[in-house]
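Peer 1: what follows is a predicted structure for the sequence shown.
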Amino acid sequence: NAGVTQTPKFQVLKTGQSMTLQCAQDMNHNSMYWYRQDPGMGLRLIYYSASEGTTDKGEVPNGYNVSRLNKREFSLRLESAAPSQTSVYFCASIPREERGGNEQFFGPGTRLTVL
Amino acid sequence: AQSVAQPEDQVNVAEGNPLTVKCTYSVSGNPYLFWYVQYPNRGLQFLLKYITGDNLVKGSYGFEAEFNKSQTSFHLKKPSALVSDSALYFCAVYSYNFNKFYFGSGTKLNVKP
């Protein structure tokens, strides 16, 4: 199993450009999450998807959109990138539908710089 | 508001000495508690968790953590630190009420030879 994979690993954008960060998991997990990691601020939840076909806003959703394409894939889109979105983005997933008690599995991250 | 605090940005310890990385939380209900480790340019890796039962939980790489309900703390410990333990450590709390994870800001552990 590859676990949780993310593409691309690195990306540099100019202000106003758009892009989609891809995430996929091959562990048949139901819930998937997108976080951003900024120095001194830990991980902040952008969006999450409890199951296929559902998405919900997290702590910092502004400027982002998501799509849960199927059970495996959960993408994060920046429609008009801003320098404030420079960050490291992590995708995570959880094994079972029942809530709590399960640890998240994280992807390797995407390092995004917006100039 | 739900929150997780890691009061120390950095912890320095000599190899062979015991280490403690602190975590306190303010999350409603009976939260589930986790520790993760992050090595440079890598994603977070699960270390251990507390769900219920014995307050002292053991995890990967010789780490353990003690849950203290009255102090709402979940400190990470290891009896004898290794240089290879040097990394960024995150405390996380899952709220059943909100169906979300809350992360602390992270503590950088430096173990010197």
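Peer 2: All right, it came through fine.

Peer 1: what residues does chain B put near chain A?
Peer 2: B:4, B:6, B:9, B:32, B:34, B:36, B:41-46, B:49, B:51, B:90, B:92, B:94, B:96, B:99-101, B:103-106 (CB under 8 Å from any CB of the partner chain). To be clear about C-beta, it is placed using only N, CA and C from the backbone, and glycine gets the same treatment.

Peer 1: for whichever helix or strand B:Phe101 is part of, which strands pair with it and how are they oriented?
Peer 2: Counting by DSSP states H and E, the element that carries B:Phe101 is strand B:100-103. According to DSSP bridges, strand B:100-103 forms sheet pairs with strand B:87-95 (antiparallel).

Peer 1: distance between the partner strand and the chain's centre?
Peer 2: Its chain's C-alpha centre and that of strand B:87-95 lie 5 Å apart, by CA atoms, centre = their mean, to the nearest Å.

Peer 1: model confidence over it, on average?
Peer 2: Across strand B:87-95, pLDDT averages out at 93.

Peer 1: what sits up against that strand?
Peer 2: Residues from elsewhere that reach strand B:87-95, judged by CB atoms under 8 Å, 6 or more residues apart in numbering or on different chains: A:42-43, A:99-101, A:104, B:2, B:4, B:6, B:21, B:23, B:25, B:27-29, B:31-40, B:44, B:47, B:74, B:76, B:100-104, B:106-109.

Peer 1: alright, calling it a day.
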